[in-house]
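Q: need a structure here:
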Amino acid sequence: MHLHGMIHIYCVKVLKLLPKPSGSLMRAFLMAGHCYGSMDPVSNIIVNSIWYNSHGCPLPESERSKIEQYNDILDPLSLLRTQVHSLKGLVELAKFAIPQFSTEGCALELLCSAGCDVFDRFPSSAGMFKEKKLFHEVAKAAGHPLPLQLGELHEMLMVAPEGKALLSLTSEAQIQCSVLRIEDMTNHISRMWRGWVAAKTGGVVQAPKLFPKSLMFVSSMRSEYEERRSWFRSKIEQVLKDYTTQHFWEQEYKLDIICGVEAINKGRPPLGEMCYRVNFTATSHLERERRLFFAEFLFSGGPRPETCCPLPYDYAGRCYYGEQTARKIVYPDDAKYIPHDITHYGTRRVDDMLEMDVVHFSSEMDVELTEKLNKMHAH
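A: Prediction:
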């Protein structure tokens, strides 16, 4: 669907604006960085992610340090899930706030015409949002992990001076193509959030103890992620170096973060050659803003020429979405990529337990995931 692709653009913009995120901030971005709320979509993703990381579901220091380097997104379904849940929330927001858009079809039409930036079009007052707990209901419909608290956050943002300050910081970064001042934003959120009483939320539910086999599974998944991450970063650094050599008149780029990896078997499994297509951001000394790149290469290196190129437009090649099929990374605007990389089962796949869920797993905070893991390894 076109709207999922649009939300993907916003997610990519956020990744380009954030300073190189820690593993815990990337965890918050993937789990709770939805684009609905009391601001524009990009600002909502940023604020929702920072709030979840620092106050909504802050990890103990011992767990933060374990995942500090886990900031590369190798499983693109994690990003797709954020988009799917964001759209559910946006549809509910439009249906709740404006009576004439109470049907899903009308809400989708509004979102398309407004580029998902619909909050300023609502005639509703802050009092009405608070009275009807609309943000809470929207977050609940979207499957946000902390819907009540997120609703409270955006009710406060509508009236608190910190809301304008946060919007000013996100707007400044977008206009100047500069890196977000995360520490300043966290401080603004902290000052506003001090008024929240823990008793209102019912406190934090303690996760059950992880079974030994479940613990081994998490450890194995993290080890596999580390190996794959190291290999992909090494390979991307090489193709990026080759790109710089071939385009010597351009500035030199340095790999920042990986934003998604698609694996495609070029032949009949299991004998076919594995081809990887990757999105990543890169930095240079001459540009403030990170650039989004696309790379394509074979596992073995092979005789086939490798591809590496910057993407001038964040929306290039975003055209396939649906329950049955979904494209999950940004492609060059080239016809040869149209028939490829269509994920079977599409958006329905996001309801499964995903790789980044396990990689970013918290034994203290992830109640539902702990239960799933223990159920998997009960015997």
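
Q: residues in contact with the helix or strand hosting Lys375?
A: Secondary structure from DSSP states H and E places Lys375 in helix 367-376. The contact list for helix 367-376 (C-beta atoms under 8 Å, 6 or more residues apart in numbering) reads 205-208, 210-211, 214, 217-218, 353, 357-358, 361, 363. No exception for glycine: its C-beta is placed from N, CA and C like everyone else's.

Q: and those, which is closest to Thr347?
A: Relative to Thr347, the closest of those is Met353; by C-beta to C-beta it sits at 15.9 Å.

Q: show me the contacts for Asp352.
A: With contact taken as C-beta under 8 Å, 6+ apart, Asp352 is in contact with Leu77.

Q: phi, psi for it please.
A: Per-residue torsions, Asp352: phi -80, psi 170 (degrees, to the nearest 10).

Q: any idea how far it is from Ala28?
A: 20 Å (C-beta to C-beta, to the nearest Å).

Q: same deal with Val118?
A: Remark: distance between Val118 and Ala28 (C-beta to C-beta) = 24 Å.

Q: next: Arg64.
A: Arg64 is 11 Å from Ala28, by C-beta to C-beta.

Q: what is the neighbour count of the residue lying closest to Val47 once chain neighbours are set aside?
A: In this structure, Val47 finds its nearest non-sequential neighbour in Leu166, 5.7 Å apart by C-beta to C-beta, 6 or more residues apart in numbering. Each residue near Leu166 was counted by other C-beta atoms under 10 Å, and the total is 24.

Q: where does Leu166 sit relative to Met158, distance-wise?
A: Distance from Leu166 to Met158, by C-beta to C-beta: 12 Å.

Q: where does the chain dip in pLDDT?
A: 1, 97, 101, 123-131, 195-205, 266-272, 301-305, 313-325, 338-345, 379 (pLDDT under 70).

Q: strands along that one, start to end?
A: Here the chain has its strands, by DSSP state E, at 254-266, 273-284, 287-298, 307-310, 325-326, 343-344.

Q: wait, Arg228 touches Leu74, no?
A: Yes - using C-beta atoms under 8 Å, Arg228 is in contact with Leu74, at 5.9 Å.

Q: neighbour count winner among these two?
A: Counted by other C-beta under 10 Å, Arg228 and Leu74 do not tie: Leu74 has more neighbours, with 20 against 16.

Q: list phi and psi for the more buried one.
A: Backbone geometry at Leu74, expressed as degrees, to the nearest 10, gives phi -90, psi -30.

Q: also Ser38?
A: Main-chain torsions, Ser38, degrees, to the nearest 10: phi -100, psi 10.

Q: pretty sure it contacts Asp120?
A: No - applying C-beta under 8 Å, one finds Ser38 not in contact with Asp120, separated by 9.8 Å.

Q: in terms of neighbours, single out the busier of those two.
A: Higher neighbour count among Ser38 and Asp120: Ser38, with 23 against 9, using other C-beta under 10 Å.

Q: sort out which residues of stretch 139-150 are buried, please.
A: For stretch 139-150, a neighbour-count test (16 or more other C-beta atoms under 10 Å) marks 139-142, 144-150 as buried.

Q: just the terminal-to-terminal distance for that stretch.
A: Stretch 139-150 has its terminal residues 7 Å apart, counting by C-alpha to C-alpha, to the nearest Å.

Q: contacts for it next, please.
A: Outside stretch 139-150, the residues touching it (C-beta under 8 Å, 6+ apart) are 31-32, 34, 36-37, 48, 51-52, 56-57, 85-86, 88-89, 91-92, 135-137, 151, 196, 201.

Q: rerun at 6 Å
A: By C-beta atoms under 6 Å, 6 or more residues apart in numbering, the residues outside stretch 139-150 that reach it are 32, 34, 56, 85, 88-89, 92, 136, 151, 201.
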